[in-house]
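Trainee: one predicted model, sequence on top.
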Amino acid sequence: MASLQQIPQDFYPIAPSSRMSKVGLNAMKTLLAKELKNTNILVNNYSPGWMKTDMGGEDAPYTTEEGAETAVYLATPPDGGSQGRFFAEMRKFGGAVVLPW
Ligand SMILES: NC(=O)c1ccc[n+]([C@@H]2O[C@H](COP(=O)([O-])OP(=O)(O)OC[C@H]3O[C@@H](n4cnc5c(N)ncnc54)[C@H](OP(=O)(O)O)[C@@H]3O)[C@@H](O)[C@H]2O)c1
């Protein structure tokens, strides 16, 4: 839902304000990564997936711990690791998957 490229072709008719704010976050991540190129500060973001929170509700398939797995992965990269990318939730895809944004 945070991918500008996906908006014309996916089936979510919902949450336009949320989607636009997440598209903006993707732009901010990209600008920061560009500014920090050639440093050892890595900037990436990710979609946590649908999680059981106040916002996500009880029907969500993932716990917050599962939603946070990708955050932990992205917070512990090696030097020279991924920079300026948008990742899917690892729980759903079984590993790190870069998404178009
Ligand atoms: N849950 C999902 O399925 C899901 C899926 C994709 C993306 N996300 C994204 O993940 C993020 C967290 O979502 P969530 O599901 O954890 O939502 P949540 O359960 O509604 O929690 C939102 C948190 O944001 C805090 N907050 C709200 N307005 C704030 C403000 N003006 N200043 C400071 N803190 C503020 C709230 O603080 P208080 O507790 O003090 O009110 C609360 O801790 C959001 O950006 C959401 O869009 C969630």
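Mentor: Arrived safely, thanks for sending. Numbers count the residues shown, from 1 in each chain.

Trainee: strands along the protein, start to end?
Mentor: Applying DSSP state E to the chain gives strands spanning 45-46, 86-87.

Trainee: please identify the deepest-packed of the ones you listed.
Mentor: Sort the strands of the chain by mean neighbour count, taking mean count of other Cβ atoms under 10 Å, and strand 45-46 sits at the top with a mean of 22. C-betas here are computed from N, CA, C, even on glycine.

Trainee: return the list of strands paired to it, each annotated with direction.
Mentor: According to DSSP bridges, strand 45-46 forms sheet pairs with strand 86-87 (parallel).

Trainee: for the record, mean pLDDT for the strand it pairs with?
Mentor: Taken as a whole, strand 86-87 carries a mean pLDDT of 97.

Trainee: and it, how far out from the chain's middle?
Mentor: On the basis of Cα atoms, centre = their mean, to the nearest Å, strand 86-87 sits 5 Å off its chain's mean C-alpha point.

Trainee: got the contact list for it?
Mentor: 2-3, 26, 29, 44-47, 70, 74, 96-101 (Cβ atoms under 8 Å, 6 or more residues apart in numbering).

Trainee: let's go with 6 Å and repeat that
Mentor: The contact list for strand 86-87 (Cβ atoms under 6 Å, 6 or more residues apart in numbering) reads Asn26, Asn45, Tyr46, Thr70, Ala96, Leu99, Trp101.

Trainee: report all helices and strands that the top helix by length along the chain contacts.
Mentor: Scanning the chain for the longest helix, with DSSP state H as the assignment, gives helix 16-35. Applying 3 or more Cβ pairs under 6 Å, 6 or more residues apart in numbering; DSSP states H and E, one finds that helix 16-35 contacts no other helix or strand.

Trainee: contacts for it, please.
Mentor: Outside helix 16-35, the residues touching it (Cβ under 6 Å, 6+ apart) are Met1, Ala2, Leu4, Val43, Asn45, Gln83, Gly84, Phe86, Trp101.
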